[in-house]
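**Q** Below is the structure, and that's it, no one-letter string:
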């Protein structure tokens, strides 16, 4: 099977996760702090309900596939196909009533990301890609009809012309923060917040750089085929494989990516 063969199934995962999440959005619900006294890291009933629903469907439909999820851990992670799930990426925005969150559904084939989807059920948008192409689907501007368009990153010749996004500089470990700050100082515009939405806006050609650190696999696997399918580049800060998470830099233009790596790896 190829990634294309799984597309109807990915849409079903998006549908059932959205149905599990939406009754909680902008409503009263239970919430816990997973940080153990560190940086506030909330988890909600919606996170757990959505991931549980997706896991059940995967196990019923593809019992030989593995799953890695934020809320319930990993099983079968050495399988040929492994689903990587983040039911609500951007939980802090979710609990604040802001629509800058999404459900991430990624698929690994023999350890490499082969397909990814970001679903935002409140705005009814989907961003998806297979590493070769990426697309957006949602409501069109006219009469609210369904629309689809291809995603393409925009050209950006240098950092001095770049719009940079990160969820929050405070989430970057202190040891790495001076490198991030040196990069931020060289860019034209900086915006905070966004989580998975930042990568999708990069793929759509509205943002030039996304730089983060301390990510897990479930935070990034689904986004890699979207960014690459739109013509962008995504690596770790040292230029390595981003699929395991860690310190991540994504760029819409290879020139900007190369310049970002130079700054992030320079001696300070």
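**A** That came in fine, so what should we check first? Given the structure is predicted, the values throughout are model-derived calculations rather than measurements. Numbers count the residues shown, from 1 in each chain.

**Q** what ranges do the strands span in the stretch 1-150 of the chain?
**A** With strands called from DSSP state E, counting those that start in this stretch, the stretch 1-150 of the chain shows them at 31-33, 42-44, 66-69, 73-75, 81-89, 102-109, 112-120, 125-129, 134-139, 146-150.

**Q** Given the fifth one, what are its sheet partners and their directions?
**A** Based on DSSP bridges, the strands next to strand 81-89 in the sheet, each with its direction, are strand 66-69 (parallel), strand 102-109 (antiparallel).

**Q** between those, which one is nearest to residue 148?
**A** strand 102-109 (17.4 Å; CB to CB). (Each C-beta comes from the backbone N, C-alpha and C, glycine too.)

**Q** now the strands of the stretch 1-150 of the chain in JSON lines, with mean neighbour count, mean pLDDT and distance to residue 17?
**A** Below are those laid out as JSON lines (neighbours: other CB atoms under 10 Å; pLDDT from 0 to 100; distance: least, CB to CB, whole Å):
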{"stretch": "strand 31-33", "mean neighbour count": "13", "mean pLDDT": "59", "distance to residue 17": "18"}
{"stretch": "strand 42-44", "mean neighbour count": "18", "mean pLDDT": "65", "distance to residue 17": "13"}
{"stretch": "strand 66-69", "mean neighbour count": "21", "mean pLDDT": "98", "distance to residue 17": "11"}
{"stretch": "strand 73-75", "mean neighbour count": "12", "mean pLDDT": "94", "distance to residue 17": "18"}
{"stretch": "strand 81-89", "mean neighbour count": "26", "mean pLDDT": "97", "distance to residue 17": "6"}
{"stretch": "strand 102-109", "mean neighbour count": "26", "mean pLDDT": "98", "distance to residue 17": "5"}
{"stretch": "strand 112-120", "mean neighbour count": "24", "mean pLDDT": "98", "distance to residue 17": "7"}
{"stretch": "strand 125-129", "mean neighbour count": "25", "mean pLDDT": "97", "distance to residue 17": "12"}
{"stretch": "strand 134-139", "mean neighbour count": "18", "mean pLDDT": "94", "distance to residue 17": "16"}
{"stretch": "strand 146-150", "mean neighbour count": "11", "mean pLDDT": "93", "distance to residue 17": "19"}
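
**Q** Now distance to residue 60 too, for these, in JSON lines please.
**A** Formatted as JSON lines, the strands of the stretch 1-150 of the chain follow (distance: least, CB to CB, whole Å):
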{"stretch": "strand 31-33", "distance to residue 60": "28"}
{"stretch": "strand 42-44", "distance to residue 60": "25"}
{"stretch": "strand 66-69", "distance to residue 60": "12"}
{"stretch": "strand 73-75", "distance to residue 60": "14"}
{"stretch": "strand 81-89", "distance to residue 60": "13"}
{"stretch": "strand 102-109", "distance to residue 60": "16"}
{"stretch": "strand 112-120", "distance to residue 60": "19"}
{"stretch": "strand 125-129", "distance to residue 60": "23"}
{"stretch": "strand 134-139", "distance to residue 60": "26"}
{"stretch": "strand 146-150", "distance to residue 60": "28"}
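
**Q** ok, and the closest non-adjacent residue to residue 117?
**A** residue 128 (4.2 Å; CB to CB, 6 or more residues apart in numbering).

**Q** got the contact list for the one you found?
**A** 10, 115-118, 134-135, 137, 226 (CB atoms under 8 Å, 6 or more residues apart in numbering).

**Q** who touches stretch 191-198?
**A** Counting by CB under 8 Å, 6+ apart, 86, 89-90, 93, 100-102, 104, 118, 120, 163-169, 201, 207, 210, 219, 222-223 sit against stretch 191-198.

**Q** Can you select the buried ones from those residues in ChimeraX?
**A** Selecting only the buried entries of those in ChimeraX, with 16 or more other CB atoms under 10 Å as the criterion:
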select :86,89,90,93,100,101,102,104,118,120,163,164,165,166,167,201,207,210,219,222,223
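
**Q** beta partners of the residue lying closest to residue 76 once chain neighbours are set aside?
**A** Closest residue to residue 76 in three dimensions, ignoring its sequence neighbours and counting by CB to CB, 6+ apart: residue 66, at 3.1 Å. Residues in a beta bridge with residue 66, per DSSP bridges, are residue 82.
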